[in-house]
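Novice: just to be clear, the model below is a prediction. Sequence and coordinates:
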Amino acid sequence: MRRLAGLVAVLLLAVVPVGAAHAASGPSGQEVTVSRSQGLNPAGTPVTVRGRGFDLNKGIYVVFCVNKGAGQLPSPCLGGVDMQGDSGSSAWISSNPPSYGEGIAKPFTKVDGKGSFEVQLTIKAKDQFTNCLDQKVAPLGCVVGTRADHTRTADRSADVLIPVTFAGAGATTAPPTASPSTTQPPAISSNNSGVEKKPAGKLASTGGLPTVFLLAALALLVVGVVLIFATRRRKTAKEPTA
């Protein structure tokens with residue numbers, strides 16, 4: 001029985017991933033994954049964000065921002081949007097940035113004619129500009145993902161957003177689906193924390209590995225192992241002794 005218990009423990013570790021990545025898809029077929037998005041340390045958690053399928057001609061920010069709802073620009077962004085390349089709280093990805101962004105913006109990696117990237121961010125629950133744990137400030141919580149850079153602020157086609165939760169805090173509300181609307185391009189805020197206007201677009205749906213399927217697979221494996229050991233024990237009991 002001890003060997004059976006040990007085998008079940010190994011199977012549990014193999015079937016249920018610890019800190020599994022979370023993914024979301026964008027309106028133009030983009031895909032973004034974040035190494036961790038639930039139960040983060042409010043004081044700061046390093047995460048890896050990967051993306052693919054982006055338009056090589058459109059620069060993006062990889063950011064952590066207040067969720068403003070479907071079709072609306074996520075803002076303000078904690079730590080501001082990084083136009084200097086050294087904040088660690090966001091990243092600027094562009095293969096054709098303005099002249100002042102050359103050497104600062106990280107170019108896309110070209111894969112099958114589309115843009116891919118991988119960056120590391122440090123996500124914190126609050127900064128001097130906003131607080132993701134304050135329901136009055138962020139009633140829909142905060143999201144990590146991508147959005148168009150400041151050269152196309154009103155363009156929602158690059159929005160791929162994944163809700164984030166923090167340890168000891170309630171779960172954030174997943175962004176609802178809404179129809180696109182039209183609005184004027186907003187200006188960048190003076191504190192560089194994002195913008196407050198509400199441009200048009202479609203918020204990406206979120207995804208991840210369903211827990212129910214993991215539990216079902218684990219249950220089947222455990223039952224199979226128990227049956228194998230029970231069958232072997234019956235055979236052993238029936239064998240004549242010398």
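Specialist: Happy to help now that I have it.
Novice: which residues of this protein score low on pLDDT?
Specialist: 1-20, 81-87, 169-242 (pLDDT under 70).
Novice: and with 90 instead?
Specialist: The model of the chain has pLDDT under 90 over residues 1-21, 70, 79-89, 128-129, 168-242.
Novice: quick one, strands of this protein?
Specialist: Assigned by DSSP state E, the chain shows strands spanning 22-25, 31-34, 45-54, 60-66, 91-93, 109-111, 114-123, 142-148, 160-164, 205-207.
Novice: so which of those is nearest K136?
Specialist: strand 60-66 (11.4 Å; Cβ to Cβ). All C-beta spots, glycine's among them, are computed from the backbone N, C-alpha and C.
Novice: elements contacting the closest one?
Specialist: For strand 60-66, the elements it packs on are strand 45-54, strand 91-93, strand 114-123, strand 142-148, judged by 3 or more Cβ pairs under 8 Å, 6 or more residues apart in numbering; DSSP states H and E.
Novice: for the strands of the chain, which one sits closest to P76?
Specialist: Of the strands of the chain, nearest to P76 by Cβ to Cβ is strand 60-66, at 6.0 Å.
Novice: single out the most deeply packed of the helices and strands packed on strand 60-66.
Specialist: Of all these, strand 142-148 carries the top mean neighbour count, a mean of 27, counting by mean count of other Cβ atoms under 10 Å.
Novice: and that one with strand 160-164, angle?
Specialist: For strand 142-148 against strand 160-164, the angle by axes from the mean of the first three to the mean of the last three Cα atoms, to 10 degrees is 170 degrees.
Novice: quick one: strands adjacent to strand 142-148?
Specialist: strand 60-66 (antiparallel), strand 160-164 (antiparallel) (DSSP bridges).
Novice: want to throw the ones you listed into CSV with distance to R36 and mean neighbour count?
Specialist: Listed next are the strands paired with strand 142-148 as CSV, based on distance: least, Cβ to Cβ, whole Å; neighbours: other Cβ atoms under 10 Å:
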stretch, distance to R36, mean neighbour count
strand 60-66, 12, 27
strand 160-164, 9, 26
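Novice: excluding its backbone neighbours, what's nearest G88?
Specialist: T122 (5.1 Å; Cβ to Cβ, 6 or more residues apart in numbering).
Novice: what do you get for K110?
Specialist: L56 (6.5 Å).
Novice: ok, the one you found - contacts?
Specialist: By Cβ atoms under 8 Å, 6 or more residues apart in numbering, the contact set of L56 is 95-96, 108, 110, 113-115.
Novice: ok so, going back, looking at the helices and strands packed on strand 60-66, which is nearest to P74?
Specialist: So among the helices and strands packed on strand 60-66, strand 142-148 is nearest, using Cβ to Cβ, at 5.6 Å.
Novice: C-alpha coordinates for that closest one, PDB please?
Specialist: Taking C-alpha atoms only, strand 142-148 is exported to PDB below (Å, rounded to 0.1, in the frame of the first residue of the first chain):
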ATOM      1  CA  CYS A 142      -6.400  44.300 -13.300                       C
ATOM      2  CA  VAL A 143      -5.100  42.500 -16.400                       C
ATOM      3  CA  VAL A 144      -1.800  41.600 -17.900                       C
ATOM      4  CA  GLY A 145      -1.300  41.400 -21.600                       C
ATOM      5  CA  THR A 146      -0.800  43.600 -24.700                       C
ATOM      6  CA  ARG A 147      -2.200  46.700 -26.200                       C
ATOM      7  CA  ALA A 148      -1.200  49.000 -29.100                       C
END
